[in-house]
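**Student:** Make a model of this:
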Amino acid sequence: MRLVVATNWDDALLRGMVGLPVYSVFGKLQHDLVGGGRPSNILPAVDWTDMARHINLAHELGFRFNYLWNATSLADAEYTPRFVTGMEEQLRQLIDIGIDGLVVGLPWMIGLAKHVAPSLEVTVSSLIDVVSPREAKQFEAMGADTIVLHHAANRDFQVLHEIRKSVRCDLELIVNNSCVYQCPYNNCHHVSPSFHSRAGSRPLLEYELFWCSGRHARDGAEIIRSRWIRPEDLAIYEAGGYDRFKIAGRGRDTAWLLRAARAYAARTYPGDLTDIISMSQHAPLRLARQRAAEGKEHAAKWASIAESLAPVANLSVDNTQIPENFIRFFTTRDCNTLSCRTCGYCERVAKKAVRGVQTWETNAPSRMPSAEMFGDLLLEEREPST
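**Tutor:** The predicted model follows:
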């Protein structure tokens, strides 16, 4: 087992992971030239000096460090030679302070990184959405050393088998993502943070999260359908040739990250799974309540949205009530061709394991801010994440 763990830049996190099977940690500045997959407001504010010290400590403790350049759009800035030159200069700075690898969100960045530093480990971000053997093979041919598969593939064992057979490069699976399975906002949600984590940008809470949060508030089975991997189920992936597992949570505190890392290292967590999976669905409820309390122009609308999202605050998943052979069900099912209404497996599991949210299969749209309210999603200062 090789764990790849998000860092919040707290040195105590690194020291707390000593003795765990941690292969590398990954992180990113709040703002940089390229941007990334999370808006700046959820990330701790550190400077280059802080980052260099943290990376040096990671190396002393035996961990590698990957820096994230996982923006999925640069608004065509890549067509400007000056911008590309700036990227090359920043990459050299990152190499000088000791990064071991770079995680990229645009395919052409692979070639740029290899041109600047041929020996640098270049990883294809999950935000590129690799979910098939052909895609993986093409990225390997481009020079990728590692591919983080999109979490949608986590329970598609035929695809996982074929991808593993198709490439020799390293493959990585995200184990604790709680996104809605096959979310219609998947692609646009990847793009938005790219612009809100670059130098000079304003932080925001992405409107797409409100839809996600609403789905979880309306149907307890959504959290079971999400493509997280339980610590107890890692062995079945290892048997299929996967041993590199990513623990997301760059906006989380040290206690949370250590709890998640220790749970996956121990291969068991006999508690509430929402303690170790990402659960970004809490953030929209918190902001909606805050905007409602401010009493400004859209206060009533925000209050209505907050009321609709309220069940998320009490959502929990009792891992002891999930069947021991939970993951094996998916080895003989294809969720891409079988409707949830026809199958019903996640709903049955949810009725036993999920607390705080009613469970029924529904495709009804979830409440979201209207376009006139989008300005309220801009944040004047960093607000704490859950």
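**Student:** residue ranges with poor pLDDT in the stretch 1-150 of the chain?
**Tutor:** Residue ranges of the stretch 1-150 of the chain with pLDDT under 70: 39-41.
**Student:** All the strands of it, residue numbers only.
**Tutor:** Taking DSSP state E, counting those that start in this stretch as the test, the strands found in the stretch 1-150 of the chain are 2-6, 22-27, 64-69, 101-104, 121-124, 146-148.
**Student:** what's the closest of those to residue 306?
**Tutor:** Across the strands of the stretch 1-150 of the chain, residue 306 has its closest neighbour in strand 2-6 (28.3 Å, C-beta to C-beta). Backbone N, C-alpha and C define where each C-beta goes, glycine included.
**Student:** Buried ones in that closest one, by neighbour count?
**Tutor:** 3-6 (16 or more other C-beta atoms under 10 Å).
**Student:** Got the domain ranges for this protein?
**Tutor:** As assigned by automatic domain parsing, the chain contains the domains 2-177+227-270, 282-377.
**Student:** Now do the end-to-end distance for the first one.
**Tutor:** Taking C-alpha to C-alpha, to the nearest Å, domain 2-177+227-270 runs 22 Å from one end to the other.
**Student:** one step back: closest to residue 320 among the buried residues of strand 2-6?
**Tutor:** Of the buried residues of strand 2-6, the one sitting nearest to residue 320 (C-beta to C-beta) turns out to be residue 3, at 23.4 Å.
**Student:** Longest helix in the chain, please.
**Tutor:** Longest helix in the chain by number of residues, with DSSP state H as the criterion: helix 81-96.
**Student:** CA atoms of it as CSV?
**Tutor:** The C-alpha trace of helix 81-96 is given here as CSV (Å, rounded to 0.1, in the frame of the first residue of the first chain):
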residue,chain,number,x,y,z
PRO,A,81,4.5,32.9,-25.2
ARG,A,82,5.1,35.2,-22.3
PHE,A,83,2.7,33.1,-20.1
VAL,A,84,4.3,29.8,-21.1
THR,A,85,7.7,31.3,-20.3
GLY,A,86,6.4,32.3,-16.9
MET,A,87,5.2,28.7,-16.4
GLU,A,88,8.6,27.4,-17.2
GLU,A,89,10.2,29.8,-14.8
GLN,A,90,7.8,28.9,-12.0
LEU,A,91,8.4,25.2,-12.5
ARG,A,92,12.1,25.8,-12.2
GLN,A,93,11.5,27.6,-8.9
LEU,A,94,9.4,24.6,-7.7
ILE,A,95,12.2,22.2,-8.6
ASP,A,96,14.7,24.4,-6.9
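**Student:** Does that helix pack against any helices or strands, and if so which?
**Tutor:** helix 108-116 (3 or more C-beta pairs under 8 Å, 6 or more residues apart in numbering; DSSP states H and E).
**Student:** rewinding a little: check what contacts the longest helix of the chain and list those residues.
**Tutor:** Here helix 81-96 makes contact (C-beta atoms under 8 Å, 6 or more residues apart in numbering) with 32-34, 48, 67, 74, 77-78, 102, 112-113, 115-117, 120.
**Student:** Just give me how far it sits from the chain centre.
**Tutor:** Here helix 81-96 is found 26 Å from its chain centre; the criterion is C-alpha atoms, centre = their mean, to the nearest Å.
**Student:** With stretch 337-346 instead?
**Tutor:** 25 Å.
**Student:** Quick one: end-to-end distance for it.
**Tutor:** For stretch 337-346, the end-to-end distance is 15 Å (C-alpha to C-alpha).
**Student:** what does stretch 187-201 give?
**Tutor:** Termini of stretch 187-201 sit 21 Å apart (C-alpha to C-alpha).
**Student:** and what of stretch 27-43?
**Tutor:** Note: stretch 27-43 ends 9 Å apart using C-alpha to C-alpha.
**Student:** that older thread, I'd like the strands of the stretch 1-150 of the chain as CSV, with distance to residue 83 appended.
**Tutor:** As requested, the strands of the stretch 1-150 of the chain are exported to CSV (distance: least, C-beta to C-beta, whole Å):
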stretch, distance to residue 83
strand 2-6, 28
strand 22-27, 23
strand 64-69, 13
strand 101-104, 15
strand 121-124, 19
strand 146-148, 25
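**Student:** Of all those, which one comes closest to residue 374?
**Tutor:** Taking the strands of the stretch 1-150 of the chain one by one with C-beta to C-beta, strand 64-69 is closest: 25.9 Å.
**Student:** shouldn't residue 285 be in contact with residue 307?
**Tutor:** No. Residue 285 is beyond contact range of residue 307, at 9.8 Å (criterion: C-beta atoms under 8 Å).
**Student:** and those two? which has more neighbours close in?
**Tutor:** residue 285 (25 against 15; other C-beta atoms under 10 Å).
**Student:** related to what we said a few turns ago, so which of the strands of the stretch 1-150 of the chain comes closest to residue 232?
**Tutor:** strand 2-6 (15.5 Å).
**Student:** What is the nearest of the buried residues of strand 2-6 to residue 22?
**Tutor:** So of the buried residues of strand 2-6, ranked by how close each gets to residue 22 (C-beta to C-beta), first place is residue 3, at 4.8 Å.
**Student:** I'd assumed residue 264 was in contact with the closest one.
**Tutor:** Yes. Look at residue 3 against residue 264 with C-beta under 8 Å: they come within range, at 6.1 Å.
**Student:** between the two, what contacts are shared?
**Tutor:** In contact with both residue 3 and residue 264: 245, 247, using C-beta under 8 Å, 6+ apart.
**Student:** Now the strand or helix carrying residue 171 - C-alpha only, CSV.
**Tutor:** Using DSSP states H and E, residue 171 falls within strand 170-174. Written as CSV, here are the backbone C-alpha positions of strand 170-174 (Å, rounded to 0.1, in the frame of the first residue of the first chain):
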residue,chain,number,x,y,z
ASP,A,170,1.7,4.1,-12.1
LEU,A,171,-2.1,4.4,-11.4
GLU,A,172,-3.7,6.1,-8.4
LEU,A,173,-7.2,5.9,-7.0
ILE,A,174,-8.9,8.6,-4.9
